[in-house]
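**Q** whatever this is, show me its structure:
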Amino acid sequence: MAQKTYTIDATNKPLGRLSSEIAKILMGKHKPDFVPHQDKGDYVVVKNVEKIKFTGKKFDQKKYYHHTGYPGHLKVKKLKDLFEKNPKEVLKRAVYLMLPKNKLRKVMMKKLKIQ
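**A** Below is the predicted model:
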């Protein structure tokens, strides 16, 4: 099957539901010929990322952790700070973690365009 391009408007959609929908399209799970070891997913273009909705207290309480590898170098970023600085990065991280943890993840992420 040929690859299509899906355009998704992120206005007033919760982050988790939106990112799982995007991950499903990137993997190709919506197609009848889906196989997990091949990349048959489609391209996804996301618009209005700055209008994503957060439910509950996530916007104030959620934190992203990153360790540099050195002792005592655990870096912490709050969702609120990251979203105000770069809303595209929040969606990108959410989709990235929902894709399979193998060699195809980088290939699938290249098909995601966030505007």
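
**Q** show the average pLDDT along stretch 31-44.
**A** Average pLDDT, stretch 31-44: 95.

**Q** SS state for Tyr64?
**A** strand (DSSP: H, G, I helix; E, B strand; the rest coil).

**Q** enumerate every residue touching the spatially closest residue to it that is not a sequence neighbour.
**A** Leaving aside its sequence neighbours, Tyr64 sits nearest to Lys77 (C-beta to C-beta, 6 or more residues apart in numbering; 4.7 Å). From N, CA and C alone the C-beta is placed, and that goes for glycine too. For Lys77, the contacting residues are 63-64, 66, by C-beta atoms under 8 Å, 6 or more residues apart in numbering.

**Q** nearest to Ala2 among these?
**A** Lowest distance from Ala2 to these (C-beta to C-beta) belongs to Tyr64, with 36.4 Å.

**Q** I figured that closest one hits Asp81, correct?
**A** No - if you go by C-beta atoms under 8 Å, Tyr64 and Asp81 don't touch, sitting 9.6 Å apart.

**Q** so where does the residue nearest in space to the middle of the chain fall, helix or strand?
**A** In the chain, the centroid-proximal residue (C-alpha atoms, centre = their mean) is Val95; its distance is 2.0 Å. Under the criterion of DSSP states H and E, Val95 resides in helix 87-98.

**Q** thinking again about what came up before, secondary structure element for the residue nearest to Tyr64?
**A** With DSSP H and E as criterion, Lys77 is part of strand 74-78.

**Q** restrict that strand to CA atoms and write it as CSV.
**A** C-alpha atoms of strand 74-78 as CSV (Å, rounded to 0.1, in the frame of the first residue of the first chain):
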residue,chain,number,x,y,z
LEU,A,74,20.1,14.0,37.2
LYS,A,75,18.5,16.8,35.2
VAL,A,76,14.8,17.6,35.9
LYS,A,77,12.5,19.7,33.6
LYS,A,78,8.9,20.6,34.4
